[in-house]
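> Mind looking at a prediction? Sequence and model below.
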Amino acid sequence: MQRMYALSSVVSFILLGAVVCATLIPSPDTNSPFLVVAGLGVPTYPANLFTCTQTNCVGCTSWDLEGRNEGSCYFAGQFISVTIQQPSNAGLPYSVDIAPGNCTDWLSIPTVNTCYNINGAVFEQFALDS
């Protein structure tokens, strides 16, 4: 049985060979602490993933992405919104994927420095994918 998840702006993703219908909704909160302006001298790729227990990226746990193994599945506890904070705002040379459980049904976070609310499921895991 194929699981369908909503991460809310209606988009269909093809991930790891499976079709996952999902929607990503950028948070309407323009005062989010995760809106970052790029500065001079900021390293390009260091970034943190924030998994949050409330919508609009509130109640977050930070996960440093630097030094993590691509293809490894990491348990992050339950979360319903997510953002990748990257001071340089340059984007990453890999994708950051999230999953509801069992390291399956992956969904990629499309951009850095944007908060996304997850609709229709509680997610628990993340991975880096080249």
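Looks like it arrived, so ask away. Numbers count the residues shown, from 1 in each chain.
> pLDDT value on residue 8, please?
Note for residue 8: predicted pLDDT of 41.
> and if you look at residue 45?
Reading off the model, residue 45 has pLDDT 73.
> cool, residue 74 as well?
In this model, residue 74 is scored at 96, pLDDT.
> ok, it - contacts?
Taking C-beta atoms under 8 Å, 6 or more residues apart in numbering, we find residue 74 in contact with 63, 68, 125-127. Using the backbone N, CA and C atoms, a C-beta is placed for each residue, glycine as well.
> Tell me the most packed of those residues, by neighbour count.
residue 126 (25 neighbours; other C-beta atoms under 10 Å).
> For it, what are phi and psi?
Main-chain dihedrals, residue 126, degrees, to the nearest 10: phi -140, psi 160.
> wait, doesn't it sit right on residue 98?
Yes: assessed by C-beta atoms under 8 Å, residue 126 is found in contact with residue 98 at 5.1 Å.
> what residues are shared contacts of those two?
Common neighbours of residue 126 and residue 98, counting by C-beta under 8 Å, 6+ apart, are residue 51.
> So residue 61 is in contact with residue 51, correct?
Yes: Residue 61 is within contact range of residue 51, at 5.4 Å (criterion: C-beta under 8 Å).
> more crowded one of those two?
Neighbour count, other C-beta under 10 Å: between residue 61 and residue 51, residue 51 has more, with 25 against 13.
> Just give the nearest non-adjacent residue to the more buried one, would you?
Nearest residue to residue 51, sequence neighbours excluded (C-beta to C-beta, 6 or more residues apart in numbering): residue 79, at 3.7 Å.
> Repeat that for residue 111.
residue 91 (7.3 Å).
> Could you measure from that neighbour over to residue 114?
Going from residue 91 to residue 114 by C-beta to C-beta, to the nearest Å gives 11 Å.
> go on, residue 64?
Distance of residue 64 to residue 114, given as C-beta to C-beta: 19 Å.
> Looking at the two now, which is surrounded by more residues?
With neighbours defined as other C-beta under 10 Å, residue 64 and residue 114 compare such that residue 114 has more, 18 against 10.
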